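Asks: Provide a 3D model corresponding to the input given below.
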Amino acid sequence: MLAPNSVRSGLRHREHDLSKHDPSTSHKQGATQIARCHTNTLHPEAHATRKLTNYSAAVVIGFLGCALYVNTITADLVFDDIPAIVRNVDVVGNRNTSSRSILGMHDSLWTNDFWGRPLAAPDSHKSYRPLTVLSFRLNHMAHGLVASGYHAVNVVLYGLCCFLHHVVCDTILFFNSGPEHNNHVLVASVLFAVHAIHTDAVASVVGRAEILSAIMFQGILLAYFHLLVLPKHCSVIRCAAVLTALSFATWAAVLFKEQSLSVLGMCAVVDMVHHSGWSGTALQSHENNDISTAGTDPAIRPTTRKAITTQKTTATRKATATRKAIAPHTRAARYRAAACVFLGALLGCARLWLNDGSPHITKGMNPASFAEALPTRVFTFNYVAAQHMWLLLFPSQLSADWSHGSVPLVHTWSAEGNLFTSLVYGGCLAGFAVVYAHRHTALGRTMVNGAALLLGTFVLSSNLLFYVGFVVAERVLFLPSMGFSVLVSGMFFLARAKLKTRSAPTWRIAHHGLTILLMAGLLGHTWKTISRNRDWSSFESLTRSTVEVFPTNSLAQNNMAAIYLSRNTPDDDALALAAAKTAVDHWDTNTDFTSTYAKALQRNNRSQEAEAQFIKVLKFTPNHISSISSLGKIYVTTKRFVLETVRNTTLFLPGVIYALITLSCGSVICMRRWWHNFFTSSCTLRQRR
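Replies: Below is the predicted model:
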């Protein structure tokens, strides 16, 4: 027999349970729940303190990003920095544009590609990034070709990018992610700041295109979220005005780097995911469950048919009220998402129209695109995509150049490359399956945002839509790494929450082991970033690191041979011959590689073989002046200059004519300058008299 207090307690609980199905209170409770979904429940002072704390953490993350790359400020301009900055007339100018203004409408900056070639030229790569080139020009106007200034700007911009990434994670990607919200954001932002895949984008000056496009990407995402997603009511005029402004901002971001075109698609995803979190399937399925199970609970089961009907009617009204209250927000989000997708497609078509043709891609840049067999192209492109995903997960081997024989072609089903592709794709599918299974939870919606950010930004830079001028490029993973960091943070806390529910000692050990694994990963990325920065300090160290990772890279071997030849010592001459031979073995039709090999043979007193290689170069490129000069030295040394010149008249004549024309034009220019200076000085003397 129960005690009286127990009876009263049981009756109170029964009355409370029955009140949930009371028609007079259910509608009010539903309306209150809907209102709470659209308002911030934090006290204003607590909300301000939380925001202040989050911005303080964002500043710390920004300084962390700057601190990791301080050792790159003393580095030289190397690799792609030479053609993009040192030899780019849009940056350094030429004799006719030495007093150029910062910006002009008729400037070649707006008609040339990223490397200074005319965009309409057949040999252009079609990489149109005038705003990034403009930033290089501003650097050059400030301090010339002093490398430290360019690297310092990159470091500061990277710190700003890390700051914005923390803000985006805090306000958008991890919106209402649960009680450990700050920890979720902290793990994602720290992983992004220390990720070793960013060394190519920050340590090389040309990687500024990725940093600037990422800054614009996150700024547009923040503006869209705060101006269109968070407000309760948004008129059509306001939506149109904001979307128009963001379209112009997206076009500016595209002029920094084409990869940022995906920001409008990401805005659409964030909008839909955010509103599905308010009205989504989880809430509706819960309410539908209330309708279907009304009157079946034994504790509150009514005794009459009329009571059962009343409960079902009440649950139906509650679900209808919820859908009516939330439907306008979801419908507006769908319209905005459709508008974003349409505007993104429009800007993409405009960007393709600017190309005025397909990009110039050589076999060394992307050998798979020249493969005749369709299976070879399919296998290799998927293998390359798997390599990109693996670099995000485990960037142990980093290289400045992945082309020129670094990544072998995959020809058959049984190749090792297909096994690697299958394993990586299997892991990715397993991860996406976990995201899909938890899509109705707060942390699951965060991982949906991360997956969309990872895939949406990577597809544009892969060979899946169109051919690109590289095999694997670490710089193109800068934007996808933002989504990757969000995914890793979500997976970590999801696994941690699962392990917390287990009480066995083994699961507790696994819980602590997972935390230790995360800390070890962050420290490993930090160490790899700092050590990798040292490889970018000079051309020789960068080339040497590339050869260590990919001994079959013909470009790196050729560059290494040129470095050895410049030292002019017997031991280095032997090393130069071995490196040049490796480069020629992998690409024997490249005239630059063959010329370097011939010079190495000549330096090692193998003049007869060097002569044959120089003649081979001149057959492909008759105007190769260095080969003509070197071959002439061989003929002078062997006292065969007149005989071989007459015998190989057709071989030497184009080069001789080209040299004479160059010399005559140079003489005319020098005479013109001398006459101009003489005439100017004479006029000055007359005026003084």
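
Asks: the helices in the stretch 351-500 of the chain, which residues?
Replies: Using DSSP state H, counting those that start in this stretch, the helices assigned to the stretch 351-500 of the chain run over residues 374-393, 416-437, 442-459, 480-500.

Asks: taking those together, which one is wrapped up most tightly?
Replies: When these are scored by mean count of other Cβ atoms under 10 Å, the highest mean neighbour count falls to helix 442-459 (a mean of 23). From N, CA and C alone the C-beta is placed, and that goes for glycine too.

Asks: now for that one, which elements pack on it?
Replies: Under the contact definition 3 or more Cβ pairs under 8 Å, 6 or more residues apart in numbering; DSSP states H and E, helix 442-459 sits against helix 263-279, helix 416-437, helix 480-500.

Asks: rewinding a little: which stretch among the helices of the stretch 351-500 of the chain comes nearest H181?
Replies: Ranking the helices of the stretch 351-500 of the chain by proximity to H181 (Cβ to Cβ) places helix 442-459 first, at 8.9 Å.

Asks: Please tell me how far that closest one is from the chain's geometric centre.
Replies: Centroid separation for helix 442-459 versus its chain: 14 Å, with Cα atoms, centre = their mean, to the nearest Å.

Asks: What residues does A142 make contact with?
Replies: Remark: with contacts taken as Cβ atoms under 8 Å, 6 or more residues apart in numbering, A142 is in contact with G149.

Asks: do the one 10 residues further on as well
Replies: Under the criterion of Cβ under 8 Å, 6+ apart, the contact partners of A152 comprise I73.

Asks: Give me the pLDDT for it.
Replies: Among the per-residue scores, A152 shows a pLDDT of 96.

Asks: Likewise for the one 4 residues further on?
Replies: The predicted local distance difference test score for V156 is 96.

Asks: quick one: the residue lying closest to it once chain neighbours are set aside from R496, how far?
Replies: Here the nearest residue to V156 in space, its sequence neighbours aside, is C66; by Cβ to Cβ, 6 or more residues apart in numbering that works out to 6.7 Å. Summarising the geometry, the distance separating C66 from R496, computed by Cβ to Cβ, to the nearest Å, is 30 Å.

Asks: Mean pLDDT and distance to D401 added to the helices of the stretch 351-500 of the chain, as CSV?
Replies: CSV is the format used below for those (pLDDT from 0 to 100; distance: least, Cβ to Cβ, whole Å):
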stretch, mean pLDDT, distance to D401
helix 374-393, 91, 14
helix 416-437, 91, 19
helix 442-459, 90, 20
helix 480-500, 91, 20
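
Asks: Which one of those lies nearest to G632?
Replies: Ranked by Cβ to Cβ, the member of the helices of the stretch 351-500 of the chain that lies closest to G632 is helix 374-393, at 43.3 Å.

Asks: The closest one vs helix 480-500, what angle?
Replies: Taking axes from the mean of the first three to the mean of the last three Cα atoms, to 10 degrees, one finds that helix 374-393 is oriented at 60 degrees with respect to helix 480-500.

Asks: by contact count, what packs against helix 374-393?
Replies: Going by 3+ Cβ pairs under 8 Å, 6+ apart, helix 374-393 lies up against helix 416-437, helix 480-500.

Asks: ok now it, how far from the chain's centre?
Replies: The gap between the average C-alpha position of helix 374-393 and the chain average comes to 17 Å, counting by Cα atoms, centre = their mean.

Asks: and of the helices of the stretch 351-500 of the chain, who's closest to Y467?
Replies: Going by Cβ to Cβ, the one of the helices of the stretch 351-500 of the chain nearest Y467 is helix 374-393, 9.3 Å.

Asks: neighbours around S124, how many?
Replies: 22 (other Cβ atoms under 10 Å).

Asks: I'd guess it is in a strand, am I close?
Replies: No - when DSSP: H, G, I helix; E, B strand; the rest coil is applied, S124 is found to be coil, with no strand at that position.

Asks: Provide a list of residues in contact with it.
Replies: Contacts of S124 (Cβ under 8 Å, 6+ apart): D113, W115, R117, P118, P359, H360.

Asks: how about 6 Å then?
Replies: By Cβ atoms under 6 Å, 6 or more residues apart in numbering, the contact list for S124 reads D113, R117, H360.

Asks: any idea how far it is from K363?
Replies: Using Cβ to Cβ, we find S124 at a distance of 17 Å from K363.

Asks: what do you get for T596?
Replies: For T596, the distance to K363 - Cβ to Cβ - is 19 Å.

Asks: The two: who's more crowded?
Replies: Taking other Cβ under 10 Å, T596 and K363 do not tie; T596 has more neighbours (27 against 15).

Asks: Was I right to think the more buried one contacts M560?
Replies: No - counting by Cβ atoms under 6 Å, T596 stays clear of M560, with 9.9 Å between them.
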